[in-house]
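In: Structural data only, the sequence is not supplied:
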């Protein structure tokens with residue numbers, strides 16, 4: 001996956017893998033795997049809905065290194081649910 005992301009040379013490249021309870025989702029920059037990428041998650045959900053791999057009335061569930069993520073259609077828009085941000089102590 002890292003090799004493909006490097007070849008694509010985009011800010012992030014998403015990789016979606018079908019699983020029993022949804023999809024696995026990983027994101028890579030040209031040089032490293034990242035823990036979360038909203039734009040690539042949104043694009044992945046869009047592709048799944050538009051190609052008919054996801055039912056329009058059902059949420060898409062992603063399993064990621066950041067935990068479970070969901071995307072759903074709502075009033076003609078895609079809505080993403082992400083884990084709460086972690087606070088960093090300084």
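Out: Looks like it arrived, so ask away. The structure displayed is predicted, hence computed values, not measured ones.

In: Which parts of this structure are strands?
Out: 13-19, 22-28, 33-34, 60-64, 67-74, 77-81 (DSSP state E).

In: next one: the shortest one to chain centre, how far?
Out: Meaning strand 33-34. Relative to its chain's centre, strand 33-34 lies at 12 Å (CA atoms, centre = their mean, to the nearest Å).

In: Partner strands of it, with direction?
Out: Partners of strand 33-34 in the sheet, by DSSP bridges, are strand 22-28 (antiparallel).

In: now the fifth one
Out: Counting by DSSP bridges, the strands paired with strand 67-74 are strand 60-64 (antiparallel), strand 77-81 (antiparallel).

In: In contact with the residue nearest the centre of the chain, which residues?
Out: Nearest to the geometric centre of the chain sits residue 41, at 2.8 Å (CA atoms, centre = their mean). Contacts for residue 41 (CB atoms under 8 Å, 6 or more residues apart in numbering) come out as 14, 25, 27, 62, 69, 71, 80. From N, CA and C alone the C-beta is placed, and that goes for glycine too.

In: Swap in 10 Å and give it another go.
Out: 12, 14, 16, 25, 27, 60, 62, 64, 66, 69-71, 78, 80, 82 (CB atoms under 10 Å, 6 or more residues apart in numbering).

In: Need the winner for burial among the strands paired with strand 67-74.
Out: strand 60-64 (a mean of 20; mean count of other CB atoms under 10 Å).

In: Give me the residues contacting that strand.
Out: In contact with strand 60-64 (CB under 10 Å, 6+ apart) are residues 14, 16-17, 19, 21-27, 35-37, 41, 44-46, 48-49, 53-54, 68-73, 78, 80-83.

In: Can you list the low-confidence ranges for the chain?
Out: Within the chain, the stretches with pLDDT under 70 are 85-90.

In: between the strands paired with strand 67-74, which gets nearest to residue 31?
Out: strand 60-64 (19.3 Å; CB to CB).

In: Same list (the strands of the chain) but as CSV, adding distance to residue 1.
Out: Putting the strands of the chain into CSV (distance: least, CB to CB, whole Å) gives the following:
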stretch, distance to residue 1
strand 13-19, 5
strand 22-28, 6
strand 33-34, 8
strand 60-64, 13
strand 67-74, 18
strand 77-81, 22
